[in-house]
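In: sequence isn't available, so here's the structure alone:
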Ligand SMILES: Nc1ncnc2c1ncn2[C@@H]1O[C@H](COP(=O)(O)OP(=O)(O)O)[C@@H](O)[C@H]1O
Ligand SMILES: [Mg+2]
């Protein structure tokens, strides 16, 4: 395939995803609401990724702090560590890493699950039994990831800061109390608000791409693997695009 | 086998149905009438468009052209709400059973009840309905199993129980015996006949299984090249001298 054809394919796909998103917004506020399934999906999204997000976040905090120490020490600025680490983690690294981990875990899972339901005609079966499969399967999942990702990101940030605090305690003898005092001094509202706002969009992107890929899965078992795989690829790529846009916008509003 | 009454009520009528996928013209002027209480079998080679045809009937695929009337309602002009209501009168058995694999047998059977039970004035509890439906297909003991724990024949029976749970007046079977061993296939066929006798349903049966057609069919339509090539009783078709028809019955 030439580069031109490839670009065309990606752009067409993004166009289709936009229509899919439009359909989501049309359905999400109309009756009947699938509350039970939404709650179940929220639980699954949180439960499936909690451990993974925890471990990744913890190691991220540890490694980030360990690697920053020598440089800061050179300038005699080790006491700035808590503020530097917390601002980088809360504003950028925490949300992006957690979202990428979730794209791999949740996005691919949704692509595979809905894709195999498509291939084995379970979605058709729902439709003929009078339940709207788009509302039951897609709307609940996208809403669940949109609501749960901010929580997972906050959790990931907290664990990362804990990891960082442990390194500071072991290497620099900084007490946990002092460390977290400095953290809360450093972080201000203008750090937290844009980060939280964009984490809703991250959640939306992960759910949207996973469900879109599954819902439009090609027939056959190969189609399911492809749906799952390209869900991760597209979601990761779109996460960075969304991140760029979010940083750009918050730069205008919060950084005078 | 029952006699064909020319003045019996028509429950489903398809005329001039056309459907293409790109340049692949699958259905080209297909016609069918399903009378109340009869078993109509549609036969055709694999890939001849049988599944596409039944999916058009229930609105899973949009036909390019043609008129589909079910119980005097034109399905293409119905709102989503009315279409969903009409669909509760139709039981649909999918070619691959299509059980929801993340749910138990019980939850699979309860699924069609969640939206339509109140409206249909069904007074029995979900539990009674599920028990009765499973009893009908002889699988009362499988109620708490997952679909992955069932054999192919059991899956087909559960799917049948699910298709029947709202007591539909029309049943569409898409290749009910395909992929099953001959003995299980016979059991499913017997079950189809029992259901028709008990509930007086009208059935549209898609198959390429001659034995199945022989036992259940009141009337047979042969689907060739997207058209209803020939129509008649099983005996009439089996006795035909047309080479295309003979190819099926030899
Ligand atoms: N969703 C689809 N997209 C494109 N082609 C399809 C689709 N569904 C069915 N077809 C094509 O329609 C033809 C008939 O398929 P089908 O109705 O499944 O055959 P069968 O008679 O074995 O049930 C096949 O050639 C198939 O490739
Ligand atoms: Mg078929």
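Out: Perfect, I can see it now. Just so it is clear, the model here is predicted, and its values are computed rather than measured. Ligands and ions are numbered 1, 2, ... in the order given.

In: all contacts plus neighbour counts: C-alpha atoms, from now on.
Out: Fine.

In: would you check how far apart the nearest residue to residue B:15 once chain neighbours are set aside and residue B:123 are?
Out: Using CA to CA, 6 or more residues apart in numbering or on different chains and skipping the chain neighbours, the partner closest in space to residue B:15 is residue B:31 (4.5 Å). Separation of residue B:31 from residue B:123 (CA to CA, to the nearest Å) stands at 38 Å.

In: looking only at neighbour counts, state which of the two leads.
Out: residue B:31 (20 against 10; other CA atoms under 10 Å in any protein chain shown).

In: wait, is that one part of a strand?
Out: Yes: assessed with DSSP: H, G, I helix; E, B strand; the rest coil, residue B:31 lies in a strand.

In: what sits against it?
Out: By CA atoms under 8 Å, 6 or more residues apart in numbering or on different chains, the residues touching residue B:31 are B:13, B:14, B:15, B:16, B:17, B:227, B:228.

In: and the helices in chain A?
Out: Applying DSSP state H to chain A gives helices spanning A:3-28, A:35-74, A:81-88, A:94-102, A:108-119, A:122-128, A:133, A:140-172, A:176-186, A:189-215, A:221-254.

In: of these, which is nearest ligand 1?
Out: Each of the helices of chain A has some distance to ligand 1 by CA to the nearest ligand atom; the shortest is helix A:108-119, at 10.4 Å.

In: just give me the neighbour total for residue 134.
Out: Unless you meant another one, I'm taking chain A. That count, for residue A:134 with other CA under 10 Å as the rule, works out to 19.

In: hmm, no, I was thinking of chain B.
Out: Neighbourhood size, residue B:134 [other CA under 10 Å]: 25.

In: three-state assignment of it?
Out: Under three-state DSSP, the three-state class of residue B:134 is helix.

In: just give the nearest non-adjacent residue to it, would you?
Out: Using CA to CA, 6+ apart, the nearest residue to residue B:134 is residue B:140, at 5.0 Å.

In: phi and psi next, for the one you found.
Out: Backbone geometry at residue B:140, expressed as degrees, to the nearest 10, gives phi -60, psi -30.

In: surely it and residue B:128 touch.
Out: No: contact criterion CA atoms under 8 Å: residue B:140 and residue B:128 do not qualify, at 11.5 Å.

In: higher neighbour count, these two?
Out: Set side by side, residue B:140 and residue B:128 show more neighbours around residue B:140, with 15 against 11, by other CA under 10 Å.

In: residue boundaries of the helices in chain B?
Out: According to DSSP H, the helices that chain B contains are B:50-57, B:80-87, B:105-110, B:113-116, B:126-136, B:152-164, B:182-199, B:210-216, B:234-238, B:243-249.

In: and the ones you listed: which comes nearest ligand 1?
Out: Of all the helices of chain B, it is helix B:50-57 that lies closest to ligand 1, at 3.7 Å by CA to the nearest ligand atom.

In: are that closest one and chain A in contact anywhere?
Out: No: contact of helix B:50-57 with chain A (CA under 8 Å from any CA of the partner chain) is absent, the minimum separation being 9.0 Å.

In: spell out which residues of chain B are next to chain A.
Out: When proximity is defined as CA under 8 Å from any CA, chain B approaches chain A at B:58, B:60, B:84-85, B:87-88, B:92, B:94, B:96, B:98-100, B:111-112, B:115-116.

In: kindly write the PyMOL command that selects the buried subset of these.
Out: Buried residues among these (16 or more other CA atoms under 10 Å in any protein chain shown), as a PyMOL selection:
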select buried, chain B and resi 58+84+85+87+88+92+94+96+98+99+100+111+112+115+116
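
In: closest to residue A:58 among the residues of chain B next to chain A?
Out: Proximity of the residues of chain B next to chain A to residue A:58 (CA to CA) peaks at residue B:100, which lies at 37.7 Å.

In: give me the pLDDT for that closest one.
Out: If you check residue B:100, the pLDDT there is 95.

In: what are the phi and psi values for residue B:176?
Out: Here residue B:176 shows phi and psi, under degrees, to the nearest 10, equal to phi -70, psi -20.

In: next one: the one 3 residues further on
Out: For residue B:179, the backbone dihedrals (degrees, to the nearest 10) come out as phi 80, psi 0.

In: roughly how far apart are it and residue A:159?
Out: For residue B:179, the distance to residue A:159 - CA to CA - is 52 Å.

In: between these two, which is the more surrounded one?
Out: Legend: neighbour count by other CA under 10 Å for residue B:179 and residue A:159, higher for residue A:159 (23 against 13).

In: how close does the more buried one sit to chain B?
Out: Residue A:159 is 33 Å from chain B, where distance means CA to the nearest CA, to the nearest Å.

In: let me see the contact set for the spatially closest residue to that residue that is not a sequence neighbour.
Out: Spatially, and ignoring its direct neighbours in sequence, residue A:159 is nearest to residue A:58 (5.2 Å; CA to CA, 6+ apart). Neighbouring residues of residue A:58 by CA under 8 Å, 6+ apart: A:156, A:159, A:160, A:161, A:162, A:163, A:164.

In: out of those residues, who's nearest residue A:220?
Out: For the contacts of residue A:58, the nearest to residue A:220 is residue A:156 (37.1 Å; CA to CA).

In: so what pLDDT did the closest one get?
Out: Predicted confidence (pLDDT) for residue A:156: 96.

In: is it in contact with residue A:53, as I believe?
Out: Yes: counting by CA under 8 Å, residue A:53 is a contact partner of residue A:156 at 5.7 Å.

In: no further questions, thank you.
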